[in-house]
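Q: quick one, what's the 3D model for this:
(one chain, ligands or ions: 1)
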Amino acid sequence: MVKVITYGTYDLLHYGHIRLLERAKALGDYLVVGVTADGFDRARGKINVQQPLMERIEAVRATGIADEIIVEEYEGQKIDDIRRLGIDIFTVGSDWKGHFDYLNEYCKVVYLDRTQGISSSEIRSEKREVRLGLVGESKILNKFANESKYVNGVKIVGYCSSDDSLLSDELKALPLRTTELEMLLDSVDAVYIISHPSKHYSQIKLALERGKHVLCESPIALTFQQYEELKALAQKNQCVLMDAIKTAYSTAYYRMLLLAKSGVIGDVVSVDAVCTSLSDLEAKKDSSDWTNTWNSICAWGPTAMLPIFQLLGSNYTDKVITAKMDKQHPDFDLFTKVSFIYPHAVASLKVGQGVKSEGELVISGTNGYIYVPAPWWKTEYFEVRHENPADNKRYFYQLDGEGIRYEIVSFLRATNEGQKYLYISEEDTSAIIKLIEEFNSNRISI
Ligand code: CTP
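A: Predicted coordinates:
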């Protein structure tokens, strides 16, 4: 019996896949199909896959062509599979020509002609391309636009900015450049907003009124009432309104959260998050115009609050907000500390753009603690530590694009399928906004 093996993602199974499977089967008597696991695809940079593993396996099974289906989970697995399953022929499409020649050592390698004119990537893009407009005055827009290139199905068509001096030449060459948000909204399906937080509410409101989806840097609004209003408007007009905190989409952060929730360090008793950076303020040193500068609680607060609210919830019983304010700019906190008290835990955050500290995250539990080194908000690495160092474990997860590309993927999914895949819940967003509101009305200044 001649045994054949082939591998693929098989996302949104199409005619090209079926032809490949038929010809692979015809090479022998028994066909094994390896379907890539979600994590493996992510690790090799394929981040847009629409269907989860089980759906993709089902689709391959439904063709009736495969005799056996396995899951491909790690680099180098092909050699293992070929030996373990006694494979005679390895085959894939000609787009991989030469790439798998090293397998000749273990079995025969055959490259089959790829079917012209069809691919999962094309189907994903065609599904519905989202025309995205950028709004704001920040160099992060350049990064965001670059990251969007890794995502199928999104096209940046223009921007609205009152000061585009920080934007790249590439963005400045976009066909649609305006200072009028209404004009941008006429030509887009969705907007990404990173304007000053004081503008968020009115800009989001306008976008939602026009039926446009919104991804906005946190805080989305400065009062809870404003957020409630925007949320209701989004619901009424069937639009997505999503908080953009890139850390929420970083694999290491997300896995760390799941681990902490699964009890590896026992009950979580304290969450302590620090985020500081001096660079933004240093750039402003000689300028009296701080119009577009975010104060520390807005710039860093949402990120620092994220692990606190996502692990302990938002029902804290008490909190103290202490801030060191700038003398010339009375709304601007150079440094803020917030202490939270929960019925069974405590938490603290420290954020600053005028004070430097170690940007680490520590989650303390009854059996051990999780340590995420600085800068924890874009880390690829964390440790679970116990009393006995022999029990410590280290975790690495590659972080591509600081989480921004995954954030865009998640936003697109939400626009296609409703608010299903949100990594930041409405409860988290509400809690962040409530705290920012409290900062403005109820803080101790030092
Ligand atoms: N394949 C093919 N003809 C096509 C598309 C894919 O023969 N038009 C083959 C690939 O060469 C591979 C297998 O089908 O051997 C699974 O490919 P996969 O990567 O899942 O599909 P693509 O459509 O190429 O996906 P993507 O666009 O995401 O790269």
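
Q: write out the residues of the protein neighbouring the ligand.
A: Taking C-beta under 6 Å from any ligand atom as the test, the list of the chain residues beside the ligand reads 8-11, 16-17, 20, 92-93, 95, 114-115, 118-121. From N, CA and C alone the C-beta is placed, and that goes for glycine too.

Q: hmm, which of those residues are the buried ones?
A: Buried by 16 or more other C-beta atoms under 10 Å: 8-11, 16-17, 20, 92-93, 114-115, 119-120, out of the residues of the chain next to the ligand.

Q: any chance of JSON lines for these, columns pLDDT?
A: Supplementary listing: these in JSON lines, determined by pLDDT from 0 to 100:
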{"residue": "G8", "pLDDT": "97"}
{"residue": "T9", "pLDDT": "97"}
{"residue": "Y10", "pLDDT": "97"}
{"residue": "D11", "pLDDT": "95"}
{"residue": "G16", "pLDDT": "96"}
{"residue": "H17", "pLDDT": "97"}
{"residue": "L20", "pLDDT": "97"}
{"residue": "V92", "pLDDT": "97"}
{"residue": "G93", "pLDDT": "97"}
{"residue": "R114", "pLDDT": "95"}
{"residue": "T115", "pLDDT": "94"}
{"residue": "S119", "pLDDT": "93"}
{"residue": "S120", "pLDDT": "92"}
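
Q: how far away is the nearest residue to L20 once chain neighbours are set aside from R131?
A: If the residues on either side of it in the chain are set aside, L20 comes closest to G93, at 5.6 Å by C-beta to C-beta, 6 or more residues apart in numbering. Applying C-beta to C-beta, to the nearest Å, one obtains 32 Å for the distance of G93 from R131.

Q: for A374, same thing?
A: If you measure A374 against R131 using C-beta to C-beta, the figure is 38 Å.

Q: cool, K327 as well?
A: Applying C-beta to C-beta, one obtains 45 Å for the distance of K327 from R131.

Q: contact partners of the lowest-mean-pLDDT helix or strand in the chain?
A: Every helix and strand in the chain was compared by mean pLDDT, DSSP states H and E; the lowest is helix 279-284, with a mean of 73. Outside of helix 279-284, the residues within contact range by C-beta atoms under 8 Å, 6 or more residues apart in numbering are 290, 293-294, 299, 334, 353-354.

Q: and which of those residues is nearest to L422?
A: Within the contacts of helix 279-284, the smallest distance to L422 is 22.4 Å, found for A299 (C-beta to C-beta).

Q: so can I have CSV of the buried ones among the residues of the chain next to the ligand showing distance to P219 and secondary structure?
A: Rendered in CSV, the data for these read as follows (distance: C-beta to C-beta, whole Å; DSSP: H, G, I helix; E, B strand; the rest coil):
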residue, distance to P219, secondary structure
G8, 43, strand
T9, 37, coil
Y10, 41, coil
D11, 35, coil
G16, 45, helix
H17, 44, helix
L20, 49, helix
V92, 48, strand
G93, 47, strand
R114, 48, coil
T115, 49, coil
S119, 40, coil
S120, 37, helix
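
Q: show me the contacts for the residue in the stretch 1-150 of the chain that the ligand sits nearest to.
A: Taking C-beta to the nearest ligand atom as the measure, the point where the stretch 1-150 of the chain comes nearest the ligand is G93, at 1.8 Å. Contacts here follow C-beta under 8 Å, 6+ apart; on that basis G93 touches 16, 20, 111-114.

Q: let's see that with 10 Å instead.
A: Applying C-beta atoms under 10 Å, 6 or more residues apart in numbering, we find G93 in contact with 6, 8, 16-17, 19-20, 23-24, 111-115, 119.

Q: and R210, by the same measure?
A: Listed by C-beta under 10 Å, 6+ apart, the contact set of R210 reads 181-182, 185-186, 188, 191, 237, 239.

Q: apply 6 Å and report the result again.
A: For R210, the set of contacting residues under the criterion of C-beta atoms under 6 Å, 6 or more residues apart in numbering consists of L185.

Q: now do the phi/psi pair for it.
A: R210 adopts backbone torsions of phi -90, psi 10, taken as degrees, to the nearest 10.

Q: now for whatever helix or strand Q203 lives in, which elements pack on it?
A: Here Q203, judged by DSSP states H and E, is contained in helix 197-209. Contacting helix 197-209 under the criterion 3 or more C-beta pairs under 6 Å, 6 or more residues apart in numbering; DSSP states H and E are the following elements: helix 181-185, strand 213-217, helix 224-236.
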